[in-house]
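In: Pasting a predicted model and its sequence here:
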Amino acid sequence: MRTRSLRPSLAPAALALLTLTATLATAGPAEAAATRIRLGSASDVSRTSWQGPAFTMNGDGKILAAPMARAIDAIRGGTGSLDVVVLSGSAPTSGSKTPECDTVMPLTGVNSCTTWTLTAARDGDSSQVNTDIRNAEFVFFAGGDQCRYAAWKGTALEASVESVVAKGGGSGGGSAGHHINSPVVYDACNGSVTTPEALADPYDSHISFTTGMFEWADYGNVINDSHFVTRDRMGRTMAFVARAIKDGRTTAGKAWGVGVDEGSSLYLDSSGLATLYGKAAYIVLGDHQPEQATPGKPLTFSNYKIWHLNTGQTYDFKNRPTCGYYLRSVTNGVADTNLYNGTAQTDCGTPPSGTTFAETEANDTRTTANDATALTPPATLTGSMQSTTDRDYFRISLASNQKLSVQCAVPDAYDADLYLLGSTGSTLVRSVHDGAGTDEALTFITTASGTYYLDVEAYNGSGTSTYNCVVSTA
């Protein structure tokens with residue numbers, strides 16, 4: 001977003017306070033663009049220890065009083081007061097010159113709030129700016145243009161903000177300021193991108209990233225997005241997640257998108273637990289390589305895991321959940337319908353880490369497939385054909401040019417067939433021998449890495465006797 005969030009003009013009493021406490025930076029010519037306005041005490045708080053860190057991730061440029069108050073209270077440990085610095089890349093064009101500090105100053109425990117407007121990358125090395133930041137206990141990045149914030153990477157300002165968090169303070173931001181607080185930043189330096197554009201080509205020229213700036217504890221492998229539902233940004237976040245995985249910008253082949261809607265804020269405490277204030281937030285996990293993410297071609301990515309948070313609900317970034325999500329996919333640039341709502345899976349099974357994995361119903365479709373991506377071959381899938389129409393789907397991950405072999409021992413109670421499906425559901429190879437108790441087997445050499453599905457389905461008969469499918473790779 002490239003328009004600074006505004007608030008109505010200050011009341012006369014507040015204007016009087018502003019007039020008394022505002023100052024203009026008097027640095028050298030290289031820093032002439034930087035302006036400083038301070039509200040509250042002219043002296044910084046001096047204290048040896050703080051109880052953070054704490055963070056606020058806002059879906060638009062406004063500060064929400066409740067999560068901000070909670071962050072301030074956590075950092076000061078419920079006693080004393082602290083100092084806040086607001087950083088902006090542009091000044092408001094109308095209304096108050098300090099819209100963020102106007103919300104912060106009435107909160108309990110605030111000693112001062114200083115707004116710095118920095119319009120040049122070199123302002124990140126201003127000695128007065130960095131002194132104010134290092135003496136503060138919370139730094140808030142205003143809405144505006146995150147590309148200007150990304151330009152501060154490698155300046156003294158980056159290290160100063162990190163020092164605030166390291167001493168037990170906090171950081172946060174809204175809109176552009178929300179973006180800059182994730183380790184993978186959609187920086188919008190080439191302009192903004194819409195959901196249709198990003199899905200049509202995840203390498204669209206408007207999509208660019210900055211990495212290696214801020215990476216807060218427990219918040220790794222994350223890409224933030226803002227104005228999420230209001231501006232229909234689920235699809236573009238899906239594209240960002242796919243790009244992060246494909247380009248190796250995150251680790252372990254996974255990336256989490258964190259989309260916060262307008263009027264909402266995620267408060268992240270020192271234990272990594274995020275609580276939503278406001279309307280809605282979404283965590284979008286991609287946990288495998290995209291089936292297609294190539295310049296000039298539409299995105300294909302199956303089974304994003306999406307957590308939808310309503311007000312008061314939480315998400316544990318330190319111990320990231322493996323259940324409670326719903327699944328949505330993108331196929332040839334077309335996303336599934338109803339991206340923003342789904343039935344949360346509450347019986348996801350335990351992703352297998354050993355050599356045996358038993359099916360968990362319901363798993364009769366690719367969407368509800370049991371997650372067997374953590375299998376360590378050779379391993380065994382077990383289950384039963386509980387009805388004559390039963391189908392058991394297992395989701396697996398395979399590397400490119402990998403040979404898969406599956407041998408299924410089928411009990412005498414029924415006739416079952418075996419299929420290997422691609423990420424979009426197309427049959428790659430099958431084993432369909434006739435007769436109850438007839439075993440099935442298949443082999444396949446992949447041409448691309450990604451998600452595949454094993455489908456064991458009833459052909460004739462049913463029963464509680466178990467089949468055993470040995471999965472091996474080479």
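Out: Nice, I can see it. Here the structure is a predicted model, which means the values were calculated and not measured.
In: ok, what's across the strand from the residue most central in space within the chain?
Out: Nearest to the mean C-alpha position of the chain, by CA atoms, centre = their mean, lies Gly257 at 2.4 Å. Beta bridges link Gly257 to Ile223, Val284, judged by DSSP bridges.
In: how near is it to Ile306?
Out: Look at Gly257 and Ile306: by CB to CB, to the nearest Å, they are 9 Å apart. Backbone N, C-alpha and C define where each C-beta goes, glycine included.
In: Quick check: neighbours shared by the two?
Out: With contacts defined as CB atoms under 8 Å, 6 or more residues apart in numbering, the residues shared by Gly257 and Ile306 are Tyr282, Ile283, Val284, Leu285.
In: list the contacts for the last one?
Out: Counting by CB under 8 Å, 6+ apart, Leu285 touches Val241, Lys254, Ala255, Trp256, Gly257, Tyr304, Lys305, Ile306, Trp307, Tyr325.
In: So Asp73 belongs to a strand, correct?
Out: No - counting by DSSP: H, G, I helix; E, B strand; the rest coil, Asp73 is located in no strand; its state is helix.
In: dump the residue contacts of the residue lying closest to it once chain neighbours are set aside.
Out: What sits nearest to Asp73 in space, not counting adjacent residues and going by CB to CB, 6 or more residues apart in numbering, is Gly109, at 6.3 Å. If you count contacts by CB under 8 Å, 6+ apart, Gly109 has them with Ile72, Asp73, Arg76, Gly80, Ser81, Leu82.
In: at 10 Å instead, please
Out: For Gly109, the contact set (CB atoms under 10 Å, 6 or more residues apart in numbering) comprises 45, 69, 72-73, 75-82, 137.
In: Among the residues you listed, which one is most surrounded by other residues?
Out: Neighbour tally across these (other CB atoms under 10 Å): the maximum, 30 neighbours, falls on Glu137.
In: That one reaches Ser81, doesn't it?
Out: Yes - if you go by CB atoms under 10 Å, Glu137 and Ser81 touch, sitting 9.2 Å apart.
In: Can you work out which residues contact both of these two?
Out: The contact sets of Glu137 and Ser81 overlap at Val45, Arg47, Ile72, Gly109, Val110, Asn111 (CB under 10 Å, 6+ apart).
In: Name the helix or strand for the first one, please.
Out: What it means is Val45. Here Val45, judged by DSSP states H and E, is contained in no helix and no strand.
In: which residues touch it?
Out: Arg76, Gly80, Ser81, Leu82, Asp83, Gly109, Val110, Asn111, Ser112, Asn135, Ala136, Glu137.
In: nearest residue to it other than its sequence neighbours?
Out: Going by CB to CB, 6+ apart, Val45 has Asn111 as its nearest residue, at 4.9 Å.
In: which helices and strands sit right next to the strand or helix carrying the one you found?
Out: Counting by DSSP H and E, the element that carries Asn111 is strand 110-117. Contacting strand 110-117 under the criterion 3 or more CB pairs under 10 Å, 6 or more residues apart in numbering; DSSP states H and E are the following elements: helix 12-21, strand 35-40, helix 65-76, strand 82-88, helix 99-104, helix 127-135, strand 138-141.
In: gap between Asp269 and Arg70?
Out: 8 Å.
In: Now the common contact residues for the two.
Out: Taking CB under 10 Å, 6+ apart as the contact definition, Asp269 and Arg70 share the neighbouring residues Ala54, Thr275.
In: low-scoring stretches of the stretch 301-450 of the chain, by residue?
Out: Along the stretch 301-450 of the chain, the model assigns pLDDT under 70 to residues 347-354.
In: can I assume Gly78 is in contact with Gln51?
Out: Yes - with contact defined as CB under 10 Å, Gly78 reaches Gln51; the gap is 8.3 Å.
In: Tell me who's in contact with the closest residue to Arg134 other than its chain neighbours.
Out: Nearest non-adjacent residue to Arg134, counting by CB to CB, 6+ apart: Ser160, 5.0 Å away. Contact analysis of Ser160 by CB under 10 Å, 6+ apart lists Val85, Gly124, Val129, Asn130, Thr131, Asp132, Ile133, Arg134, Asn135, Ala136, Val139, Trp152.
In: Is the fifth one in contact with Asp83, as I believe?
Out: No - with contact defined as CB under 10 Å, Thr131 does not reach Asp83; the gap is 11.5 Å.
In: quick one: common contacting residues for those two?
Out: Joint contacts of Thr131 and Asp83 (CB under 10 Å, 6+ apart) are Asp44.
In: For these two, indicate the residue with more neighbours.
Out: Neighbour count, other CB under 10 Å: between Thr131 and Asp83, Asp83 has more, with 23 against 12.
In: for the record, mean pLDDT for the strand or helix carrying Ala242?
Out: According to DSSP H and E, Ala242 maps onto helix 234-246. For helix 234-246, mean pLDDT rounds to 97.
In: do stretch 210-218 as well
Out: On average, stretch 210-218 scores 97.
In: and Ser405, how many neighbours?
Out: Counted with other CB under 10 Å, residues neighbouring Ser405 total 15.
In: Pop out the phi and psi values for it.
Out: phi -130, psi 130 (degrees, to the nearest 10).
In: For it, give its distance to Ser270.
Out: In this view, Ser405 and Ser270 are 48 Å apart by CB to CB.
In: next one: Cys408
Out: Distance from Cys408 to Ser270, by CB to CB: 49 Å.
In: higher neighbour count, those two?
Out: Between Cys408 and Ser270, Cys408 has the larger neighbour count (other CB under 10 Å), namely 22 against 17.
In: any chance of the shared contacts of Glu137 and Ser81 in JSON lines, with pLDDT and distance to Gly191 too?
Out: Output for those, formatted as JSON lines (pLDDT from 0 to 100; distance: CB to CB, whole Å):
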{"residue": "Val45", "pLDDT": "98", "distance to Gly191": "41"}
{"residue": "Arg47", "pLDDT": "95", "distance to Gly191": "44"}
{"residue": "Ile72", "pLDDT": "98", "distance to Gly191": "36"}
{"residue": "Gly109", "pLDDT": "98", "distance to Gly191": "40"}
{"residue": "Val110", "pLDDT": "98", "distance to Gly191": "37"}
{"residue": "Asn111", "pLDDT": "98", "distance to Gly191": "40"}
